[in-house]
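> using only what follows, build the 3D model:
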Amino acid sequence: MANEKTMADAICSLKPGAEWALRSDGLEWLDSEQTEPTQAEIDAEVIVLQTAYDAQLYARNRKEDYPSQGDQNDMMYKDTKNSTTTHADAVEAVKTKWPKNNKGPIE
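Numbers count the residues shown, from 1 in each chain. Down below sits the predicted model:
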């Protein structure tokens, strides 16, 4: 069974806007307009959401490794002024290190 956060995320994904509460003894369905999802539906949605989250690992890793926005702006300014490619090189290094196939880090 999913932990409370992933279960809550799955319920929100399956039944947007529904009224419900997670209690110590399980799910309490409060919505009279939407049907309560089954545990199998919730478990399947947890897998879908986890798969989508896992697929974005490269993006989370890239975000940590990119230079700050201020540093990137400075690089772009200096590249324009000096006809250099410092910014493009820095971005490409991060993209190479963390490829979209999540096989990184590639040093």
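> going forward, measure contacts between C-alpha atoms and count neighbours the same way
Noted.
> distance from the biggest helix by length in the chain to the middle of the chain?
Among the elements of type helix in the chain, defined by DSSP state H, the one spanning the most residues is helix 39-55. Helix 39-55 sits 13 Å away from the centroid of its parent chain (CA atoms, centre = their mean, to the nearest Å).
> next secondary structure element downstream of it?
Secondary structure here is assigned by DSSP states H and E; on that basis, the next helix or strand after helix 39-55 toward the C-terminus is helix 57-65.
> buried ones in stretch 30-43, by neighbour count?
Along stretch 30-43, the positions that meet the burial threshold by neighbour count (16 or more other CA atoms under 10 Å) are 36, 42-43.
> care to break this structure down by domain?
Domain segmentation of the chain under automatic domain parsing yields 4-55, 57-97.
> how long is the shortest one from one end to the other?
Between the opening and closing residues of domain 57-97 we find a distance of 12 Å, counting by CA to CA, to the nearest Å.
> quick one: residues in contact with the longest helix of the chain.
Applying CA atoms under 8 Å, 6 or more residues apart in numbering, the external contacts of helix 39-55 come out as 1-2, 6-7, 9-11, 13-14, 102.
> so what's the residue located most distally from the centre of the chain scoring on pLDDT?
With distances taken as CA atoms, centre = their mean, the residue sitting farthest from the centre of the chain turns out to be Asn82, at 36.8 Å. Predicted confidence (pLDDT) at Asn82: the value is 98.
> what distance do you get for it to Lys103?
Here Asn82 is placed at a distance of 35 Å from Lys103 (CA to CA).
> turn the domains of the chain into JSON lines, including distance to Glu107.
What follows is the domains of the chain, written out as JSON lines (distance: least, CA to CA, whole Å):
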{"stretch": "domain 4-55", "distance to Glu107": "21"}
{"stretch": "domain 57-97", "distance to Glu107": "6"}
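> hey, least reliable of these by pLDDT?
Per-stretch averages of pLDDT across these put domain 4-55 at the bottom, with a mean of 94.
> how far off centre is that one?
That offset, for domain 4-55, works out to 18 Å (CA atoms, centre = their mean).
> burial of Thr6, as a residue count?
18 (other CA atoms under 10 Å).
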